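> just the structure for this:
(2 chains, ligands or ions: 1)
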Amino acid sequence: MKLEDRKYILNALVKNAKTTAADLAEQLGASEQEVAAEIADLEKQNIIRGYHALVNEDNLHDKPVKAIIEVRVRPEREGGFDRIARRLSNFPQVTALYLMSGGYDLMIEVRGADLNEVASFVSSKLATIDGVLSTATHFLLKKYKESGIMLLEEERDERLKIVP
Amino acid sequence: MSDSRSCRDFVAPHIAVLPKSGIRYFFDLVNTMSDVISLGIGEPDFVSPWSVCEGAMYSLERGRTSYTSNLGLLSLRKAICDYVAEEFGVRYAPENECLVTVGVSEAFDLAIRAITSPGDEIVYHEPCYVSYGTEIRMSHGVPVPVCTYEKNLFALDPADLEKAVTPRTRAIILNFPCNPTGAVLTDEQMRDIAKIAVKYDLAVIADHIYSELHYDDRPMHTVAALPGMRERTIFLHGFSKAFAMTGFRIGYACGPNSIVDAMMKIHQYAMLCAPTTAQYGAEEALKSARPDMHRMVAEYKGRRNVIVSRFNEMGLSCFNPQGAFYVFPNITSTGLNSQDFAVRLLQSKRVAVVPGNAFGACGEGYVRCSYATSLEDIRTAMDRIAEFLDDLKAGKA
Ligand SMILES: Cc1ncc(COP(=O)(O)O)c(C=O)c1O
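The predicted structure is shown next:
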């Protein structure tokens, strides 16, 4: 498939993971099989790593608590940050983890049922790990945009119904 | 009650005889209904790129709210001339060969007024944008439409064009990619048209408003780049379609200094300058919004593929247009004329399309459908049109 079409498929799936191969085939003027094969290939090459629902937790009853934690760690002579990062990644509370340039080393996104759960994860798990030098925890108050999607209800501009 | 005979009629006869746009009646009808999916909208469904809006706001924050030079901001004209040179291969001087206008609408009006003397004939292809014929008549010119046909993919046949040329012919108007058909010209057709313009010493008004929206894998092209053409072409373009900036109302005209100067004279007295805030937005568009534009074009292409294949599947022959965001399916197989087709489709299925004859007599037998609307709406509209055809066959619609 042309690179341009492959990009088209990726963009469409990033926007809506439920877009079907049949839908995409119609948009690309290709066969459903061709598109399915292309998607399979993207998955096989680990370019597509999964398909998620984008949830606006603000609208949930038992809305979970999220925090971003800046962590400074002591890198190891061999492997640098990788070993400790892998270890931290294993905690189910950790939903994202990045190595950062700048004033701290790891940025961890943590999720818990309530404030206590997150606080106790930080104090009893994270901070006690050998090599963790310091932590700074920031609780998320409100989400405006995630994964490129605006989460606020927006009014749409009403176009005229017929325009020459 | 006022007696119409007692009111003195001040309207000039040549204006009084102008028809109201054929779209107008239909527009009023659509507006009485709710729950309509409209494929009748000739403007992008995307909001203007954020960087453009932001650029306009920033100019306001800095208090840039005075008039600009009549020609438009020099920095914008420079950016426009660079863009045109880079993308179309024709170089214009920002100082005196480029004029920023209130949309292509104003640029077109200026071009026609600048070159037309009473009785001059202006040749253009139909079906076409609704303003062409009436604009010519407002300048006391004589509109000379030349039909284009589905069998030629609605391109202007150079032989038909040449037949329409007379000693009174002053200019040719070209709009490819075309509203309402989505047609484009091949390189060969464009060359032959250029030769006719040179042979009969005609001006060419090239309306490039849809140029970026093309789906063949070739670069944009303009008749102005062909031999002998730069000196006779008025190159019109704008930001409305490619950058989804219809409400900003910015367009431009590039051409030889003598013509631009004449257009500028009219513009200076009639308009003074294009809106300043919008000019800053346009400058930002050229600086940073080209990736947004490419993303929109990719999306239009996907929608075009869907709408064209759906029409053909349901048995309305629809050629695959290579540009703009319109398809122009042939509805003669239904036995209805365009007007009846559109009205009955609207009333029974709540889908609005524009009757082809609103774009000239030879648009009869076709309807214009814009795919500048969400894929979801396009699919629902196509389902409803297919139902409508079934109802017609069963004698129910
Ligand atoms: C062919 C054509 N020319 C000109 C215009 C006017 O565009 P603008 O918004 O730049 O005035 C349109 C708008 O629909 C059009 O389709």
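> quick check: end-to-end length of stretch A:121-135?
Its first and final residues considered, stretch A:121-135 spans 12 Å by CA to CA, to the nearest Å.
> excluding its backbone neighbours, what's nearest residue B:329?
What sits nearest to residue B:329 in space, not counting adjacent residues and going by CB to CB, 6 or more residues apart in numbering or on different chains, is residue B:318, at 3.9 Å. Where C-beta positions appear, they are placed from N, C-alpha and C, glycine not excepted.
> just checking, what packs against the helix or strand of chain B with the lowest mean pLDDT?
Across the helices and strands of chain B, mean confidence by mean pLDDT, DSSP states H and E is lowest for helix B:22-30: a mean of 82. Identification of packing neighbours for helix B:22-30 by 3 or more CB pairs under 8 Å, 6 or more residues apart in numbering or on different chains; DSSP states H and E yields helix B:338-349, strand B:354-355.
> what packs against the shortest one?
Which is strand B:354-355. Using 3+ CB pairs under 8 Å, 6+ apart as the contact definition, the elements that strand B:354-355 packs against are helix B:22-30, helix B:338-349, strand B:367-370.
> can you list the domains in the chain?
Unless you meant another one, I'm taking chain A. Chain A resolves into domains spanning A:3-44, A:57-142 when parsed by automatic domain parsing.
> my bad, chain B
For chain B, the domain assignment from automatic domain parsing gives the residue ranges B:3-48+B:291-393, B:50-288.
> quick check, pLDDT for the closest residue to the ligand within chain A.
Across chain A, the shortest distance to the ligand (CB to the nearest ligand atom) belongs to residue A:164, at 5.7 Å. The predicted local distance difference test score for residue A:164 is 86.
> for it, give me its contacts.
B:21, B:23, B:42, B:129-131, B:179, B:358 (CB atoms under 8 Å, 6 or more residues apart in numbering or on different chains).
> test my guess that residue B:66 contacts residue B:273.
No - taking CB atoms under 8 Å as the contact criterion, residue B:66 and residue B:273 are not neighbours in contact, 9.7 Å apart.
> quick one, which of the two is more surrounded?
Just comparing residue B:66 and residue B:273: by other CB atoms under 10 Å in any protein chain shown the higher neighbour count belongs to residue B:273, 20 against 7.
> for residue A:65, grab phi and psi.
phi -100, psi 140 (degrees, to the nearest 10).
> one step back: for the ligand, find the nearest of the domains of chain B.
For the domains of chain B, proximity to the ligand was assessed by CB to the nearest ligand atom; domain B:50-288 is nearest, at 2.5 Å.
> residue 16: how many residues sit nearby?
Just going to use chain A. Other residues near residue A:16 number 13, with proximity taken as other CB under 10 Å.
> chain B was what I was after
Using other CB under 10 Å, residue B:16 is surrounded by 9 other residues.
> likewise for the one 3 residues further on?
Each residue near residue B:19 was counted by other CB under 10 Å, and the total is 10.
> what are the ranges of the strands in the chain?
Let's take chain A. Listed in chain order, the strands of chain A (DSSP state E) span residues A:65-73, A:94-99, A:106-112, A:132-139, A:145-146, A:149-150.
> my question was about chain B, not that one.
In order along the chain, chain B carries the following strands (DSSP E): B:37-38, B:98-101, B:121-126, B:142-147, B:169-174, B:203-207, B:233-238, B:251-254, B:326-327, B:351-352, B:354-355, B:367-370.
> can you redo the ones you listed as JSON lines with mean neighbour count?
Converted to JSON lines, the strands of chain B look like this (neighbours: other CB atoms under 10 Å in any protein chain shown):
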{"stretch": "strand B:37-38", "mean neighbour count": "22"}
{"stretch": "strand B:98-101", "mean neighbour count": "28"}
{"stretch": "strand B:121-126", "mean neighbour count": "25"}
{"stretch": "strand B:142-147", "mean neighbour count": "18"}
{"stretch": "strand B:169-174", "mean neighbour count": "24"}
{"stretch": "strand B:203-207", "mean neighbour count": "24"}
{"stretch": "strand B:233-238", "mean neighbour count": "28"}
{"stretch": "strand B:251-254", "mean neighbour count": "28"}
{"stretch": "strand B:326-327", "mean neighbour count": "26"}
{"stretch": "strand B:351-352", "mean neighbour count": "24"}
{"stretch": "strand B:354-355", "mean neighbour count": "28"}
{"stretch": "strand B:367-370", "mean neighbour count": "28"}
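> can you lay out those strands as a markdown table showing mean pLDDT?
Formatted as a markdown table, the strands of chain B follow (pLDDT from 0 to 100):
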| stretch | mean pLDDT |
| --- | --- |
| strand B:37-38 | 96 |
| strand B:98-101 | 98 |
| strand B:121-126 | 98 |
| strand B:142-147 | 98 |
| strand B:169-174 | 98 |
| strand B:203-207 | 98 |
| strand B:233-238 | 98 |
| strand B:251-254 | 98 |
| strand B:326-327 | 98 |
| strand B:351-352 | 96 |
| strand B:354-355 | 96 |
| strand B:367-370 | 98 |
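> export those strands as JSON lines, with columns for distance to residue A:48.
What follows is the strands of chain B, written out as JSON lines (distance: least, CB to CB, whole Å):
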{"stretch": "strand B:37-38", "distance to residue A:48": "32"}
{"stretch": "strand B:98-101", "distance to residue A:48": "45"}
{"stretch": "strand B:121-126", "distance to residue A:48": "46"}
{"stretch": "strand B:142-147", "distance to residue A:48": "50"}
{"stretch": "strand B:169-174", "distance to residue A:48": "45"}
{"stretch": "strand B:203-207", "distance to residue A:48": "42"}
{"stretch": "strand B:233-238", "distance to residue A:48": "39"}
{"stretch": "strand B:251-254", "distance to residue A:48": "42"}
{"stretch": "strand B:326-327", "distance to residue A:48": "32"}
{"stretch": "strand B:351-352", "distance to residue A:48": "36"}
{"stretch": "strand B:354-355", "distance to residue A:48": "40"}
{"stretch": "strand B:367-370", "distance to residue A:48": "33"}
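> going by proximity to chain A, name the top residue of chain B.
For chain B, the residue closest to chain A is residue B:302, as judged by CB to the nearest CB, at 3.5 Å.
> any idea of the pLDDT on that residue?
97.
> what's the burial count for the nearest residue to it once chain neighbours are set aside?
What sits nearest to residue B:302 in space, not counting adjacent residues and going by CB to CB, 6+ apart, is residue A:27, at 3.5 Å. When neighbours are counted by other CB under 10 Å, residue A:27 registers 23.
> picking up where we left off before, thinking the residue nearest to residue B:329 is in contact with residue B:304, fair?
No - under the contact definition of CB under 8 Å, residue B:318 does not touch residue B:304, with a separation of 10.3 Å.
> common neighbours of these two, please.
residue B:327.
> the more surrounded of the two?
residue B:304 (25 against 22).
> for that one, what are its contacts?
Applying CB under 8 Å, 6+ apart to residue B:304 gives the contacts B:182, B:215, B:320-321, B:325, B:327, B:371.
> at 10 Å what do you get?
If you count contacts by CB atoms under 10 Å, 6 or more residues apart in numbering or on different chains, residue B:304 has them with A:27, A:29, B:182, B:213, B:215, B:320-327, B:371, B:378.
> buried subset of the residues you listed, written for ChimeraX?
Below is the selection syntax for ChimeraX that covers the buried ones among the contacts of residue B:304, with 16 or more other CB atoms under 10 Å in any protein chain shown defining burial:
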select /A:27 /B:182,213,215,320,321,322,323,324,325,326,327,371,378
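> which of the contacts of residue B:304 fall in helices?
Of the contacts of residue B:304, the ones assigned to helices by DSSP state H are A:27, B:378.
> before we move on, the earlier item: distance to residue B:102 added to the helices and strands packed on helix B:22-30, as TSV?
TSV is the format used below for those (distance: least, CB to CB, whole Å):
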stretch	distance to residue B:102
helix B:338-349	30
strand B:354-355	24
